[in-house]
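> Fold the following and give me the result.
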Amino acid sequence: MKGFWTTLKNRDRAITKPCLQLMVGLAFMVTLTAAPLQAQQPSTDDLRQEIHALTQTVKEMQKDLQEIKALLLSRGPAAPSHNVVLDLANKPSKGGATAKLTLVEFSDYQCPFCGRHVRDTATQIDKDYVATGKLRHVFLDLPLESIHKVAFKAAEAASCAGEQGKYWEMHQRLFENQSKLQPWTPHAEAIGLDIPKFEECLSSGRQAAAIRQDMAEAQKAGVTSTPTFFLAYTDPKSSKIKTVRRLTGAQPYSAFKTEIDKLLAAEPEAPMPKGTPK
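Reported below is the predicted structural model:
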């Protein structure tokens, strides 16, 4: 009989111990769960700000995804990285015409990657190479009209500013204000243009043909995405250049520096013979 009671007590102890552990655990979880409820609750304004920030982040991601999708759909066969002949006559440029190297940029004023290049890389390239006479920078328009509905008009606005000698000022301003490109007149006012002349130029559409010509140069070179860059040795006697390097996308400054320094240290290729076709 004594053994029976001993067995019963041991069984109750075996059952009671896990139950006590479970009860203690539940009590601990309740304490943890209740603790945040005692903390200060976020205000309605805080929640609105967080929702707004999340919404903006999602919108930016959607833009980037749309851009990537468009680029993937437009990809054709691999384009050559060198020996592409480009005609740069009458294209906006910075730097001396006798600089050893020429950097040709195909870009779009609504392209977020193009804006990133302007913000993060272009200024340093200008400072280290264009301002020091080592590099000439030439800009060609490639508005991706299927996804960027006002990019072509933005290119016209820059060219119209160029008629008054302020192409690069408008160029910089448009890239710095990609989210609010329209209306165009406030940008013209900000850089000190003659507004009636600017608006007349923009409404006339007379710069459109030059932009289409840039787009034709891009097609000839196999450029399907922006930004795309070509490096070439400058021929002071010709408006044409034969490319020797190609860089695609908003690459870091170090990528440009590596290629530019390598070409500056090397002997330039012989100039193209006269009569070289486009």
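> Report the secondary structure element holding residue 229.
Applying DSSP states H and E as the criterion places residue 229 in strand 228-233.
> Low-confidence stretches in the protein?
Along the chain, segments meeting pLDDT under 70 span 1-42, 56-82, 268-278.
> With adjacent residues omitted, what lies nearest to residue 256?
The shortest distance from residue 256 to any non-neighbouring residue, by CB to CB, 6 or more residues apart in numbering, is to residue 125 (5.8 Å). All C-beta spots, glycine's among them, are computed from the backbone N, C-alpha and C.
> does the most centrally placed residue in the chain count as helix, strand or coil?
Central residue of the chain (CA atoms, centre = their mean): residue 113, 1.2 Å from the mean position. Here residue 113 is recorded as helix under DSSP: H, G, I helix; E, B strand; the rest coil.
> what's it in contact with, if anything?
Residue 113 is in contact with 67, 226, 227, 249, 250, counting by CB atoms under 8 Å, 6 or more residues apart in numbering.
> my guess is residue 155 contacts residue 141, does it?
Yes - the pair residue 155 / residue 141 is scored as a contact, 4.1 Å apart, by CB atoms under 8 Å.
> Now do the shared contacts for the two.
residue 211.
> re earlier: show me what the strand holding residue 229 is packed against.
strand 101-107, strand 240-248, helix 253-265 (3 or more CB pairs under 8 Å, 6 or more residues apart in numbering; DSSP states H and E).
> highest average neighbour count across those?
strand 101-107 (a mean of 24; mean count of other CB atoms under 10 Å).
> That strand to strand 228-233, inter-axis angle?
Per axes from the mean of the first three to the mean of the last three CA atoms, to 10 degrees, the angle that strand 101-107 makes with strand 228-233 is 160 degrees.
> quick one: strand 101-107 to chain centroid distance?
How far strand 101-107 lies from its chain's middle: 16 Å, per CA atoms, centre = their mean, to the nearest Å.
> How about stretch 211-231?
With CA atoms, centre = their mean, you get 16 Å for stretch 211-231.
> mind listing what's buried in stretch 157-171?
Burial within stretch 157-171, assessed by neighbour count using 16 or more other CB atoms under 10 Å, is assigned to 157-164, 166-171.
> Please apply the same query to stretch 209-223.
210, 211, 213, 214, 215, 217, 218, 221, 223.
> Using CSV, please lay out these together with secondary structure and distance to residue 203.
What follows is the buried residues of stretch 209-223, written out as CSV (DSSP: H, G, I helix; E, B strand; the rest coil; distance: CB to CB, whole Å):
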residue, secondary structure, distance to residue 203
210, helix, 16
211, helix, 16
213, helix, 21
214, helix, 21
215, helix, 21
217, helix, 26
218, helix, 26
221, coil, 31
223, coil, 29
